[in-house]
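Novice: got a sequence here, can you build the structure:
(2 chains, ligands or ions: 2)
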Amino acid sequence: MLGLAIAYLRDRALTTFLNVLLLALAVATLAILLLFSSQIGTRFERDAAGVELVVGAKGSPLQLILSSLYQIDAPTGNIPLASLAFLRSNRAVAQAIPLALGDQFQGFRIVGTEPAYADLYGAEFAEGRMFADAQEAVIGAEVARATGMGLGQRFVGSHGLSAGETEHDHAPFMAVGILQPTGTVIDRLVLVDVPSIWDAHGIHYGEEAAGEEHARHDEHESHQEHAGEAGMTPEITAVLVKYRSAFGAVSVPGMINRQTDMQAAVPAVETARLLGLLGAGVEGARIFAWLLAATGGLSIFVALLQAANAREGELALLRVMGATRAQLFGTIVMEALLIAVVGCALGLLLGHGALALAMGASDTLREVGISAWLLHPGELAIVAAVLGIALSAALIPALRVVRTDLAVTLARTR
Amino acid sequence: MADAAGTPEAAAPVLVIAGLRHDYGSAAVLRDFSFSAACGQHSLLLGPSGSGKTTLINLIAGLLAVRHGSIRIAGELMAGTPAARDDLRRRRIGIIFQTLRLVEALSVTANLRLAQKLAGRAPDEAEIARLLDEVGLAHRAGARPRALSQGEAQRAAVARALVGRPDLLIADEPTSALDDANAERIARLLVGTADAHGSTLLIATHDARLKAHIPHALVLTPIAAEAA
Ligand SMILES: Nc1ncnc2c1ncn2[C@@H]1O[C@H](COP(=O)(O)OP(=O)(O)OP(=O)(O)O)[C@@H](O)[C@H]1O
Ligand SMILES: [Mg+2]
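Specialist: Ligands and ions are numbered 1, 2, ... in the order given. Modelled structure (predicted):
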């Protein structure tokens, strides 16, 4: 009876196409929302890597988190190098990792940091070793893949966080290590030590710089303004902090926000706020998509009911030809299911394809690191729900066909 | 096997109706009706409009339930649940209606293929091609039913009814809307193909033109008229 169902669907191709399209759009929307929200959620969680506090220049706490933890937004500014030692001297702080941002290589951020940063993400080496000296660089897996960079290769960073800005040709880096993929933000980073970043910007620093407290730290001064200027004081962009005990969460952020010119932002709080904002929009879109799916179901229902009425005589003929009630019931249900299956397949393809296209077109989406072709188990639930909708839409028309009195129908249709 | 002439079964009547009565509510349509058709025998079912021809055919085909009396087809009782009647119809009976002939969404060949499958036969493209050739539709095999002429569609319906190799081929008013030439053709085709397949033929009609082809006639008289 599958052949008959297909023949019937082909017979009213336009209606079939519209119903398929309706379901496909609903499924595509649902899939995109699901992939987007779930991947962003897990991405944020993984990229946070257990960092409990981010200390940086004053400004928007969300921006600070996005720029230094997730490597998406522009940094809020710089903080004196001495703040690192200041944080490390705090008894509640177990670990403090400095980050110096501001340069990029072919669109991938160069991060001045310490080896401990790679440990945060459990990054393993595919080749080579950790940077040990200035101008040595460790390449994230995605960077290596995209740029084709190999061990021992020299490259220069460009100033600014997006591709195509002025190059620091006086301070080339050399790749000494390539990381294995981790599925985290580190895949898209180039890691160097902090002094390398200063070198790139012509900032002079001495051995004593690390311990020295600097009087001048203007919070409005952005990193970009340092470009090429000599004689600047060595600064960093942010410090990632892990506490020794839960007590740190109570004392450290308040102390920093009150007693210093820096701000302390809690990743958990900021991402929850961001996901909350996104969530409201996502929820609205999700309701809309389910309405679309329901409309698709209703449209299938109307189409099948109409067809069942129009085909009353033909269905009676089929029964006379030897089709059982169950077979006719199956044919109608099959029509609905075929529409739903094709709609779901097309919808998933559309959804994933749209994500892939969007990522090709938007740097931000790529930086967020969504993988467009990853299947989410929730998509199965969407497919099951849409099949369920189609099934219930077919039920009444199918029952109607089964219940018809053959003798009466034949008498009427002849 | 279509040709079972040698077996004792073949000698037995294909259709035996005994003491059949049918009423719609209080209105009686058939009363104490009996009839027997031998294998390969062709009969016309004649009678004025309203005399109960369609009713009788529906009873034989199992579309209506037999309440009084009995109908046997190839020795099997046409009775019981709708499913049981469906099963007997599927295996033994081919039906051709005047206007309700083919599934519109399928080509002529696909219609025959479906009928073959629904009759529980193994797919046999060669037989389908042979049948279409026999009814003179080989060149229209891939056409949709709505692209066929009246006469072509009727011939396709004959082929469709025969593809299940029925013991009993029933046609209800197959010619009433056709001109003389086409009525003649259909009658010839029905008789010819039924003969070729060893099927027993029963045609309900008030079309006197068919008498020339099928001399054996069974005449129903309206019960209401009898009573008056
Ligand atoms: N479903 C029904 N309910 C009530 N009465 C019916 C029903 N079907 C048929 N009848 C009546 O039964 C009688 C016989 O009807 P039937 O259709 O068998 O006649 P027919 O011989 O086929 O007539 P025609 O030559 O016009 O097709 C008619 O009087 C008709 O009105
Ligand atoms: Mg009639």
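Novice: wait, what's in contact with residue A:331?
Specialist: A:1, A:4-5, A:8 (CB atoms under 8 Å, 6 or more residues apart in numbering or on different chains). Every residue, glycine included, has its C-beta placed from N, CA and C.
Novice: in a markdown table: these, plus distance to ligand 1, neighbour count and pLDDT.
Specialist: What follows is these, written out as a markdown table (distance: CB to the nearest ligand atom, whole Å; neighbours: other CB atoms under 10 Å in any protein chain shown; pLDDT from 0 to 100):
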| residue | distance to ligand 1 | neighbour count | pLDDT |
| --- | --- | --- | --- |
| A:1 | 29 | 21 | 72 |
| A:4 | 28 | 23 | 86 |
| A:5 | 31 | 20 | 88 |
| A:8 | 29 | 23 | 87 |
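Novice: just those: which are in helices?
Specialist: Under the assignment DSSP state H, the contacts of residue A:331 contribute A:4-5, A:8 to helices.
Novice: of these, which are in range of chain B?
Specialist: Residues shared between the ones in helices among the contacts of residue A:331 and the neighbourhood of chain B are A:4, A:8 [CB under 8 Å from any CB of the partner chain].
Novice: which one of the ones in helices among the contacts of residue A:331 is nearest chain B?
Specialist: Set against chain B, the nearest of those by CB to the nearest CB is residue A:8 (5.0 Å).
Novice: from what I can see that closest one touches residue A:307, true?
Specialist: Yes. With contact defined as CB atoms under 8 Å, residue A:8 reaches residue A:307; the gap is 6.9 Å.
Novice: need the overlap of contacts for those two.
Specialist: Here residue A:8 and residue A:307 have residue A:335 as joint contacts, going by CB under 8 Å, 6+ apart.
Novice: and the pLDDT at residue 223?
Specialist: Since you didn't name a chain, this refers to chain A. Looking at residue A:223, its pLDDT stands at 42.
Novice: my question was about chain B, not that one.
Specialist: Residue B:223 is assigned 72 on the pLDDT scale.
Novice: can you tell me the element the most centrally placed residue in chain B falls in?
Specialist: Among the residues of chain B, residue B:170 comes closest to the average C-alpha position under CA atoms, centre = their mean, at 1.1 Å. Under the criterion of DSSP states H and E, residue B:170 resides in strand B:168-172.
Novice: note down every partner strand of that strand and its orientation.
Specialist: The partner list of strand B:168-172 in its sheet, established with DSSP bridges, is strand B:93-97 (parallel), strand B:200-204 (parallel).
Novice: what about residue A:14, which helix or strand?
Specialist: The secondary structure element spanning residue A:14 is helix A:13-48 (assigned by DSSP H and E).
Novice: by contact count, what packs against that helix?
Specialist: Applying 3 or more CB pairs under 8 Å, 6 or more residues apart in numbering or on different chains; DSSP states H and E, one finds that helix A:13-48 makes contact with helix A:267-310, helix A:325-361, helix A:377-403.
Novice: can you pull the poorly scored residue ranges out of the chain?
Specialist: No chain specified, so I'll use chain A. A:161-171, A:202-232, A:362-370, A:413-414 (pLDDT under 70).
Novice: other chain: chain B
Specialist: Across chain B, residues meeting the criterion (pLDDT under 70) sit at B:1-11, B:224-228.
Novice: what does it have sitting close to ligand 2?
Specialist: Counting by CB under 5 Å from the ion, the residues of chain B lying close to ligand 2 are B:53-54.
Novice: tell me where the longest helix sits in chain B.
Specialist: In terms of residue count, the longest helix belonging to chain B (DSSP H) is helix B:180-197.
Novice: contacts for that helix?
Specialist: B:2, B:40, B:42, B:96, B:134-135, B:150-151, B:154-155, B:158-159, B:162, B:165, B:169, B:171, B:174-175, B:178, B:199-201, B:203, B:207, B:209-210, B:212-214.
Novice: rewinding a little: and among the helices and strands packed on helix A:13-48, the most buried is which?
Specialist: helix A:325-361 (a mean of 20; mean count of other CB atoms under 10 Å in any protein chain shown).
Novice: tell me the angle the helix holding residue A:14 makes with helix A:325-361.
Specialist: Counting by axes from the mean of the first three to the mean of the last three CA atoms, to 10 degrees, helix A:13-48 lies at 50 degrees to helix A:325-361.
Novice: got the angle between helix A:13-48 and helix A:267-310?
Specialist: Computed by the same axes, to 10 degrees, the angle between helix A:13-48 and helix A:267-310 is 170 degrees.
Novice: and whichever helix or strand comes after helix A:13-48, what does it pack onto?
Specialist: Counting by DSSP H and E, the element after helix A:13-48 in chain order, helix or strand, is strand A:53-57. Where contact means 3+ CB pairs under 8 Å, 6+ apart, strand A:53-57 is packed against helix A:61-68, strand A:79-80, strand A:238-243, helix A:247-259, strand A:262-265.
Novice: and those, which is most packed in?
Specialist: strand A:79-80 (a mean of 25).
Novice: now do it: distance to the chain's middle.
Specialist: Strand A:79-80 has its average C-alpha position 31 Å from the chain's average C-alpha position, going by CA atoms, centre = their mean, to the nearest Å.
Novice: try stretch B:16-35
Specialist: Its chain's C-alpha centre lies 19 Å from the corresponding centre of stretch B:16-35 when counted by CA atoms, centre = their mean.
Novice: do the same with stretch A:48-58
Specialist: 20 Å.
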